[in-house]
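> Give me a model of this one.
(chains A and B, ligands or ions: 2)
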Amino acid sequence: MPLLDIRNLQLEFGTGRDAVRAVDGVSFTIAEGETLCLVGESGCGKSVSALSIARLVPTPPARYVGGEILLNGCDVLKMDQRELRSIRGGVVSYVFQEPSASLNPVFRVGNQIKESLKLHRPQFATDDEVIRLLKLVGIPAPESRIRDYPHQMSGGMQQRIMIAMALASEPKLLVADEPTTALDVTIQAQILELLRDLKARLRMSILLITHNLGIVGDIADRVAVMYAGQIVELSPARALLQRPLHPYTQALMNSVPQLGHELDRLQAIPGNVPNLGQFPRGCRFHPRCPKAQSDCSQKAPELVEVEPGRWVRCPYWK
Amino acid sequence: MGTFILKRLLHMIPILLGVSLLTFLLMSLTPGGYLQSLRQNPQISAETVERLLAKYHYDKPWYVQYLYWLKNAAQGDFGYSIQYKIPATDLITARLWNTFLLSLFATIVAWCIAVPLGIWAAVNKDSLVDRACAMVAFVGLSVPEILLALLALMFAAATGWFPIGGAQSSRYDELTTLQRLWDRAHHLVLPVLVLAASELAGIMRQMRSNLLDTLRAEYVTAARAKGLPEGWVIYKHALRNAINPLLTIFGYSLAHLLSGAFIVENIMAWPGLGRLTIEAYTAKDSMLVVDSVVMATALLIVGNFVADVMLAWSDPRIRLKE
Ligand SMILES: Nc1ncnc2c1ncn2[C@@H]1O[C@H](COP(=O)(O)OP(=O)(O)OP(=O)(O)O)[C@@H](O)[C@H]1O
Ligand SMILES: [Mg+2]
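Ligands and ions are numbered 1, 2, ... in the order given. Predicted coordinates for the structure are as follows:
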């Protein structure tokens, strides 16, 4: 049994005729110790899918229309508030994009970490344990840092604090939602290095969200590519990077800047991401797809396993 | 912290100087004066008037008068009220105290009602409670203090439950200490309620929108993601941040409060600074006008200072170092 098994998740914002489906039939699994990268352009539903794992999307405005989210075999969508509180932190922890916004500005960082400890490992809610966690995430001189307020730290340090806070409850799954997007490039590399190191040491599962395929190769075991609320390709990382099958994945790969290549080879994907609720008929990618056929605008393709472990939502992937 | 307080106190000086100078100038520009009007009184001899004018330096140009006033004020002597025939310092102190009491209790009442209501409305957004609060706030914001004060007076007159005007009853001197306290409280109730009501709506709406903002903040989602119970998420993580902008507002709202007090005092005959200012102005008791205006300014500055200290205490991002 995988640690996380999301089956056909469907989520809408709004009600009645104004309802728009932000997540439409997303399914993926994460095994224990596995790292899955969720990739896709802005607004395709990555965050909403990830937040759903601990049911953190506020309802309303959101509404779960269908599907299951099995965490350790239990459906998160059917849990009551008490059960939800125990899996939040206890099984799945989050690190968000903007560290300066995710830490509460009026509390000392040490106390914010201790708060997690109190909830999930009360016997360890001590300064010593906080210091150990800060060391684990590579904060220099942690003894002098626990009484700092968030604003007294740099963005990279704040993100390390967020990671320490997420690790404090010893979760099985760490969800990192674009944890490096708000940081500058050298710090980005350090944070990714830290995640990779933690993954090896703590044997946690990680769900890493990014819109940058460039960082996938270093850390991911498998990759799920999302487009307009759906997964369009799901594949082992190495295979996907060597030979992307879905035209959207191929386009994404071409838009990643690579060292040593001339800039004019960099291709932006033509057209725009369709707005929520205004998806084209048939395949949602077909208006922007270089390989579109005449029937692409008619029939919505299914996600099909085309090779062992490789799923593609395109009948013309060959 | 010590240097911060010192610095703020030093900042007060130029403001008070500017305000007093301006008031002095304006008063000297308005024609006539208390003593000048005595000239029309046939019972008072011209010599007496001239003697009085010379005694209080009213025969000198305004800037000389100002310098005299400044010299005395610096020593805690705010001159002599020629209208009330007592030292202005005594008069001002008593009136200042009354205005302070009125504003203090109005603030306490307004905040104690508005803050919980605002929280309640935010937590139950779009519920019946929230809509009811919005309606009440709308009415509260559109009804002027004058109307409220008049309504309160009518209410007092019709029911006889509250005294009409004044800060104490005429037999105040015969009462025991406890009775005196009760008597003062009884006189305070209506003015405080009127003033509080006019403040309440604004604070409530502000509280509601602040809390709604912070409830959307990412650190609130992060707190929820830790597994905190919803009550803690709201009352510890969100509320603690929603209070900070309110403390900034507190500083600004003092000016509103004082001008509100001004109106309430004049309509409900509350012997405070605002009423004194008007009385002094009507009687052309110019020194007293300057004194009251300067005192009101000082009250405002001190209030703002208190708000700043509270904000610094509440929000670690604000440092008092400079
Ligand atoms: N509270 C909300 N109310 C209405 N629509 C929402 C809400 N939250 C998200 N959405 C919509 O759901 C869609 C998916 O949003 P989501 O945040 O998951 O995108 P994302 O893939 O994480 O994008 P990004 O890379 O910008 O973070 C978006 O189109 C967004 O507009
Ligand atoms: Mg996102």
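> Report pLDDT for the nearest residue to residue A:234 once chain neighbours are set aside.
What sits nearest to residue A:234 in space, not counting adjacent residues and going by Cβ to Cβ, 6 or more residues apart in numbering or on different chains, is residue A:311, at 4.2 Å. Just so you know, the C-beta spots here come from the backbone N, C-alpha and C atoms, and that holds for glycine as well. What the model reports as pLDDT for residue A:311 is 90.
> so residue A:311 makes contact with residue A:230?
No: under the criterion of Cβ atoms under 8 Å, residue A:311 makes no contact with residue A:230, lying 11.5 Å away.
> The residue nearest to residue A:234 looks like it's in a strand, true?
Yes: per DSSP: H, G, I helix; E, B strand; the rest coil, residue A:311 lies within a strand segment.
> Quick one: residues contacting it.
The contact partners of residue A:311, by Cβ atoms under 8 Å, 6 or more residues apart in numbering or on different chains, come to A:231, A:233-235, A:303-305.
> same deal with residue A:197?
Counted by Cβ under 8 Å, 6+ apart, residue A:197 has zero contacts.
> Just the element for it, please.
Residue A:197 belongs to helix A:185-202 when elements are defined using DSSP states H and E.
> So which bits of that helix are buried?
Going by neighbour count (16 or more other Cβ atoms under 10 Å in any protein chain shown), the buried part of helix A:185-202 is A:187-188, A:190-192, A:194-195, A:198-199.
> Any idea how many residues pack against the closest residue to ligand 1 within the stretch 151-300 of chain B?
Closest approach of the stretch 151-300 of chain B to ligand 1 (Cβ to the nearest ligand atom) occurs at residue B:216, with a separation of 9.1 Å. Neighbourhood size, residue B:216 [other Cβ atoms under 10 Å in any protein chain shown]: 11.
> On the pLDDT front, check it for me.
89.
> which phi and psi does it have?
With angles defined as degrees, to the nearest 10, residue B:216 sits at phi -90, psi -10.
> same deal with residue B:245?
Dihedral angles (degrees, to the nearest 10) for residue B:245: phi -60, psi -30.
> who touches it in this structure?
B:206, B:210 are the contacts of residue B:245 under Cβ under 8 Å, 6+ apart.
> tell me the secondary structure for the residue nearest in space to the middle of chain A?
Chain A has residue A:209 as the residue nearest its centroid, 2.9 Å off, counting by Cα atoms, centre = their mean. Assigned with three-state DSSP, residue A:209 falls in the strand class.
> Nearest residue to residue 8 in space, please, no chain neighbours.
Reading this off chain A. residue A:67 (4.3 Å).
> if you could check chain B rather than the one you did, that'd help
Leaving aside its chain neighbours, residue B:8 sits nearest to residue B:305 (5.3 Å; criterion: Cβ to Cβ, 6+ apart).
> mind checking how far that neighbour is from residue B:247?
For residue B:305, the distance to residue B:247 equals 12 Å [Cβ to Cβ, to the nearest Å].
> so what sits against both of these two?
What both residue B:305 and residue B:247 touch, as defined by Cβ under 8 Å, 6+ apart, is an empty set.
> quick revisit: now, which of the buried residues of helix A:185-202 sits nearest ligand 1?
For these, the nearest to ligand 1 is residue A:188 (15.5 Å; Cβ to the nearest ligand atom).
> sorry, back to before: common neighbours of residue A:311 and residue A:230, please.
residue A:303.
> dump the residue contacts of the residue nearest to residue A:291 when sequence neighbours are not counted.
Computed as Cβ to Cβ, 6+ apart, the closest residue to residue A:291 that is not its neighbour in sequence is residue A:247, at 4.9 Å. Applying Cβ under 8 Å, 6+ apart to residue A:247 gives the contacts A:285, A:289-291, A:314, A:316-317.
> thinking again about what came up before, so for the helix holding residue A:197, mean pLDDT?
Here helix A:185-202 scores 84 as its mean pLDDT.
> do stretch B:139-148 as well
83.
> And stretch B:14-32, by the same measure?
On average, stretch B:14-32 scores 84.
> Check what contacts that stretch and list those residues.
B:62, B:65-66, B:69-70, B:73, B:284, B:286, B:289-290, B:293-294, B:297-298, B:301.
> any idea which of those residues is closest to residue B:6?
If you rank the contacts of stretch B:14-32 by distance to residue B:6 using Cβ to Cβ, residue B:301 comes first, at 14.4 Å.
> Specify the local secondary structure of that closest one.
Going by three-state DSSP: residue B:301 is helix.
> my read is the residue nearest to residue A:8 is in a strand, agree?
Yes: Residue A:67 forms part of a strand when assessed by three-state DSSP.
> ok now do it, which residues does it touch?
Contacts of residue A:67 by Cβ under 8 Å, 6+ apart are A:6-10, A:25-27, A:77.
> One more: residue B:46?
For residue B:46, counting by Cβ under 8 Å, 6+ apart, the contacting residues are residue B:39.
> The helix or strand harbouring residue A:48 packs against which elements?
Element membership for residue A:48 (DSSP H and E) is helix A:46-52. The elements that helix A:46-52 packs onto, with contact taken as 3 or more Cβ pairs under 8 Å, 6 or more residues apart in numbering or on different chains; DSSP states H and E, are strand A:4-13, strand A:20-30, strand A:35-39, strand A:62-71, strand A:173-177, strand A:205-210.
> swap the cut-off to 7 Å and go again
strand A:4-13, strand A:20-30, strand A:173-177, strand A:205-210 (3 or more Cβ pairs under 7 Å, 6 or more residues apart in numbering or on different chains; DSSP states H and E).
> Could you list the buried residues of the last one?
Same thing as strand A:205-210. Buried, per 16+ other Cβ under 10 Å, within strand A:205-210: A:205-210.
> Which ones, among these, also lie beside ligand 1?
Residues of the buried residues of strand A:205-210 in contact with ligand 1 (Cβ under 6 Å from any ligand atom): none.
> Any regions of the stretch 1-150 of chain B where pLDDT drops low?
For the stretch 1-150 of chain B, the stretches flagged by pLDDT under 70 are B:1, B:32-36.
> Now do the same for whichever residue of it sits closest to ligand 1: helix, strand or coil?
Of all residues in the stretch 1-150 of chain B, residue B:125 sits closest to ligand 1, at 13.8 Å by Cβ to the nearest ligand atom. When classified by three-state DSSP, residue B:125 comes out as coil.
> I'd like the distance between it and chain A.
Distance, residue B:125 to chain A, by Cβ to the nearest Cβ, to the nearest Å: 11 Å.
> give the contact list for that residue.
residue B:212 (Cβ atoms under 7 Å, 6 or more residues apart in numbering or on different chains).
> Got phi/psi on it?
Taking degrees, to the nearest 10 as the convention, residue B:125 sits at phi -60, psi 140.
> which residues in chain B form helices?
Assigned helices in chain B, in chain order: B:2-29, B:34-38, B:46-55, B:62-74, B:88-123, B:128-142, B:145-159, B:177-215, B:218-225, B:230-232, B:239-267, B:273-282, B:286-314 (criterion: DSSP state H).
> now the stretch 101-250 of chain A
Counting by DSSP state H, counting those that start in this stretch, the stretch 101-250 of chain A has helices at residues A:109-120, A:127-136, A:142-145, A:155-168, A:185-202, A:216-219, A:237-242, A:247-254.
> Grab the CA positions of the fifth one and hand them over as PDB.
This points to helix A:185-202. Extracted C-alpha coordinates of helix A:185-202, given in PDB (Å, rounded to 0.1, in the frame of the first residue of the first chain):
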ATOM      1  CA  VAL A 185      19.500  31.400  -7.200                       C
ATOM      2  CA  THR A 186      22.300  30.400  -4.900                       C
ATOM      3  CA  ILE A 187      20.000  30.000  -1.900                       C
ATOM      4  CA  GLN A 188      17.600  28.000  -4.100                       C
ATOM      5  CA  ALA A 189      20.400  25.500  -4.700                       C
ATOM      6  CA  GLN A 190      21.200  25.300  -1.000                       C
ATOM      7  CA  ILE A 191      17.600  24.600  -0.100                       C
ATOM      8  CA  LEU A 192      17.300  21.900  -2.700                       C
ATOM      9  CA  GLU A 193      20.500  20.400  -1.500                       C
ATOM     10  CA  LEU A 194      19.100  20.400   2.000                       C
ATOM     11  CA  LEU A 195      15.900  18.700   0.900                       C
ATOM     12  CA  ARG A 196      17.900  16.000  -1.000                       C
ATOM     13  CA  ASP A 197      20.100  15.500   2.100                       C
ATOM     14  CA  LEU A 198      17.100  15.200   4.400                       C
ATOM     15  CA  LYS A 199      15.400  12.800   2.000                       C
ATOM     16  CA  ALA A 200      18.400  10.500   2.200                       C
ATOM     17  CA  ARG A 201      18.800  10.800   6.000                       C
ATOM     18  CA  LEU A 202      15.200  10.700   7.200                       C
END
